[in-house]
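Chemist: coordinates only, sequence not included:
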């Protein structure tokens, strides 16, 4: 079971990619940097003027900014957390999908199907992931409510137009992160002949590290991000398909941010149907500034979900000899 190899790993093994894990990782870092630069261009242009204005108002221009880097960071986060900037940032993540597709197809010279992007059962896989993503975040939010950690109330001013825009933004964002970390990085490692656990572990670690600059980041959020990465990787391996986990990721974020009104990975609040407020001062229960993704409730749900997916993989692995016969 632990070395179960999905068909997409075998397809990726026919690529021109290096088989050296160190070189694979270095190339991934380079590709990721290019993606990050491309994704930041439009949001940076949008925030430049308001950021400079706020810095000037607080006398933090030029060398004065060096004396209080904390204040500069707070202002930068506040400007970047405005809904219009966040929305543009979500849509800009399309460069993640585009760049990984171009890299894998043209540089590694492997089929798009080796990234798990299959036409077969696309709608079935996506709709199942859609439901799972909503269910996960709903269970996590209700656990916080049940144990008196958070309170949830209807938002005073619900803007469904903005909420729908964020829905489509998260559809793109969730898809892009899955193509980057699972479709590209994990499958390139899996295709190199390395153990499945190595592919799952390294891609999950990279996914968690990529979020380390977010507000409220700490040990438990870091662990939960790795755990989400492990679950996502194993789910993708179980179904040998990327679309289901793309939907889970997108709806996990959308439900969290725009249905329950919780900061998504510490990125700030967005227009939502409900608004969740922390009643506890314990960050390991509420997730603190990182949002409920950094809470123990998320840990519990992801551990249970990962165990179920591992069980599914073990059943699939056990059935292989019989199918071969």
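Modeler: Now that the structure is in, tell me what you want to look at. Everything numeric here is computed off the predicted structure, so don't read it as measured data.
Chemist: for the lengthiest helix in the chain, packing partners?
Modeler: Longest helix in the chain, counting residues (DSSP state H): helix 21-57. Secondary-structure packing of helix 21-57 (3 or more C-beta pairs under 8 Å, 6 or more residues apart in numbering; DSSP states H and E): helix 69-80, helix 83-92, helix 94-102, helix 187-191, helix 196-209. All C-beta atoms are positioned from the backbone trio N, CA, C, and that covers glycine.
Chemist: so of those, which one's packed in deepest?
Modeler: Mean neighbours per residue, mean count of other C-beta atoms under 10 Å, is largest over these for helix 187-191, with a mean of 27.
Chemist: so where's the stretch 1-150 of the chain uncertain?
Modeler: 1-2, 63-68 (pLDDT under 70).
Chemist: hmm, 50 instead?
Modeler: Of all residues in the stretch 1-150 of the chain, none has pLDDT under 50.
Chemist: Give me the angle between whichever strand or helix holds residue 320 and helix 196-209.
Modeler: Assigned by DSSP states H and E, residue 320 belongs to helix 296-324. With axes from the mean of the first three to the mean of the last three C-alpha atoms, to 10 degrees defining the directions, helix 296-324 sits at 150 degrees from helix 196-209.
Chemist: name the helices or strands packed onto helix 296-324?
Modeler: Applying 3+ C-beta pairs under 8 Å, 6+ apart, one finds that helix 296-324 makes contact with helix 122-146, helix 219-239, helix 283-286.
Chemist: Can you tell me what sits against the last one?
Modeler: I take that to be helix 283-286. 144, 147, 149-150, 216, 218, 220, 278, 280, 292, 294-297 (C-beta atoms under 8 Å, 6 or more residues apart in numbering).
Chemist: Tell me the buried residues within those.
Modeler: If you count burial by 16 or more other C-beta atoms under 10 Å, the buried members of those come out as 144, 149-150, 216, 218, 220, 278, 292, 294-297.
Chemist: can you tell me which of the residues you listed lies nearest to residue 174?
Modeler: Using C-beta to C-beta, the shortest approach to residue 174 within those belongs to residue 292, at 17.0 Å.
Chemist: State the pLDDT value of that closest one.
Modeler: You'll see residue 292 listed with a pLDDT of 93.
Chemist: Wait, it touches residue 143, no?
Modeler: No - using C-beta atoms under 8 Å, residue 292 is not in contact with residue 143, being 9.2 Å away.
Chemist: Please identify the deepest-packed of the helices and strands packed on helix 296-324.
Modeler: helix 219-239 (a mean of 23).
Chemist: OK, contacts around residue 279?
Modeler: Residue 279 neighbours (C-beta under 8 Å, 6+ apart): 148-151.
Chemist: What is the end-to-end distance of stretch 105-112?
Modeler: End-to-end distance for stretch 105-112, by C-alpha to C-alpha, to the nearest Å: 7 Å.
Chemist: Please point out which parts of that stretch sit buried.
Modeler: Under 16+ other C-beta under 10 Å, the buried positions of stretch 105-112 are 108, 110, 112.
Chemist: could I get the residues you listed as TSV with secondary structure?
Modeler: Converted to TSV, those look like this (DSSP: H, G, I helix; E, B strand; the rest coil):
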residue	secondary structure
108	coil
110	coil
112	helix
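Chemist: any idea which of these is closest to residue 226?
Modeler: Nearest member of the buried residues of stretch 105-112 to residue 226, counting by C-beta to C-beta, is residue 108, at 25.4 Å.
Chemist: I'd say residue 27 and residue 18 touch.
Modeler: Yes - contact criterion C-beta under 8 Å: residue 27 and residue 18 qualify, at 7.3 Å.
Chemist: quick one, phi/psi of residue 151?
Modeler: Taking degrees, to the nearest 10, you get phi -120, psi 150 for the backbone angles of residue 151.
Chemist: tell me, how many neighbours does it end up with?
Modeler: Neighbours of residue 151 under the rule other C-beta atoms under 10 Å: 12.
Chemist: Sweet, I'm off.
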